[in-house]
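J.: Predicted coordinates and the sequence they were generated for:
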Amino acid sequence: MNKRISSPKTMQDVIRQHQFTLKKSLGQNFLIDENILNNIASAADIDEESYVLEIGPGAGALTQVLASRGKKVIAVEIDQRLEPVLKDTLQDFDNVSVHFGDVLKLDLHQIIDQECPPGVPVKVVANLPYYVTTPILMKLLTDGLPIKTIVVMIQKEVAGRLQAKPGEKSYGSLSIAVQYLAEPKIVMTVPKTVFVPQPNVDSAVIRLDIRPEKKVKVDDETFFYKLVRASFAQRRKTLMNNLINNLYDKTQKELLLEVLEQTGIDPGRRGETLTIEEFARLSDVLSHK
């Protein structure tokens with residue numbers, strides 16, 4: 001069996017052998033704890049029937065675990081320099097295919113169609129670079145891909161924002177955008193000491209189960225997102241002030257007051273206190289004005 005690279009020594013040996021230098025600009029922090037790797041695979045319910053899309057396999061430590069449990073792993077890696085490393089670490093697995101390119105620019109529909117049988121749901125598992133977490137998650141959630149579950153390691157603070165509830169300090173437009181499309185749950189927190197090199201902050205593994213139907217029904221989704229973003233533009237301002245400054249203007253104050261009264265929302269409240277259902281109600285009335 002090929003060497004497992006889920007320990008600091010084997011990881012360092014592989015990196016040294018291939019004379020690979022980690023790039024900070026790509027957020028390359030490789031995970032080196034076998035228990036955590038196994039827990040991530042378990043959190044995604046990976047079994048012998050699972051088709052897995054892994055984003056950012058790095059040197060292949062998590063890929064090895066996923067491939068040993070799943071039916072097939074489709075890995076997408078932005079750094080072409082890792083090709084010889086992955087050829088080495090994944091040489092004993094015939095159920096892994098690696099695609100090199102930027103996940104934000106690649107046609108994931110085409111890759112999944114090419115690699116998976118039609119109609120089979122895909123599970124996404126990834127140790128995501130901190131600097132690009134939100135764009136990747138939003139692409140996965142909004143592109144209409146055949147994804148059932150997403151289990152990702154991300155910055156602990158961001159994980160908190162994804163599952164935050166109204167009234168909590170970390171609740172914001174990202175919380176609403178994600179919860180509108182998926183059900184988030186933090187699986188575990190992960191100390192920075194289990195990465196090579198160590199990042200500056202702790203991480204968390206979060207599971208997002210894609211909703212079969214969106215959490216709320218809205219008449220105009222584009223306007224709904226705009227309204228939510230505007231409502232959180234300046235957190236200390238009231239909902240009314242944020243809407244006037246960021247989506248409307250002072251001449252429309254009376255219209256806004258009328259709509260807020262109609263929807264039963266106090267104009268003096270802050271955006272962070274509104275539920276997703278209240279935002280949907282407000283969006284539906286305002287989008288028809």
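T.: Nice, I can see it. Numbering: from 1, shown residues only.
J.: Please report the distance of the residue nearest to L26 when sequence neighbours are not counted from A233.
T.: The shortest distance from L26 to any non-neighbouring residue, by C-beta to C-beta, 6 or more residues apart in numbering, is to D79 (5.8 Å). Any C-beta I mention is one placed from the backbone N, CA and C, and that applies to glycine too. Using C-beta to C-beta, to the nearest Å, D79 is found at 35 Å from A233.
J.: residue contacts, the residue nearest to L26?
T.: K23, L26, Q28, F100 (C-beta atoms under 8 Å, 6 or more residues apart in numbering).
J.: With distance to K237, neighbour count and pLDDT added, can I get those residues in TSV?
T.: Formatted as TSV, the contacts of D79 follow (distance: C-beta to C-beta, whole Å; neighbours: other C-beta atoms under 10 Å; pLDDT from 0 to 100):
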residue	distance to K237	neighbour count	pLDDT
K23	39	11	81
L26	37	17	77
Q28	39	21	79
F100	45	15	97
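J.: if we take those, which one ends up nearest to L53?
T.: When the contacts of D79 are compared for distance to L53 (C-beta to C-beta), F100 wins out at 14.5 Å.
J.: And that closest one, how far from T263?
T.: Here the distance between F100 and T263 works out to 49 Å (C-beta to C-beta).
J.: now do T134
T.: Noted for T134: a distance of 29 Å to T263, by C-beta to C-beta.
J.: And for K214?
T.: The gap separating K214 from T263 is 19 Å, by C-beta to C-beta.
J.: try E48
T.: In terms of C-beta to C-beta, E48 sits 50 Å off from T263.
J.: Then P212?
T.: P212 is 27 Å from T263, by C-beta to C-beta.
J.: what ranges do the strands span in the stretch 1-150 of the chain?
T.: 30-31, 51-55, 72-77, 96-100, 122-127, 147-155 (DSSP state E, counting those that start in this stretch).
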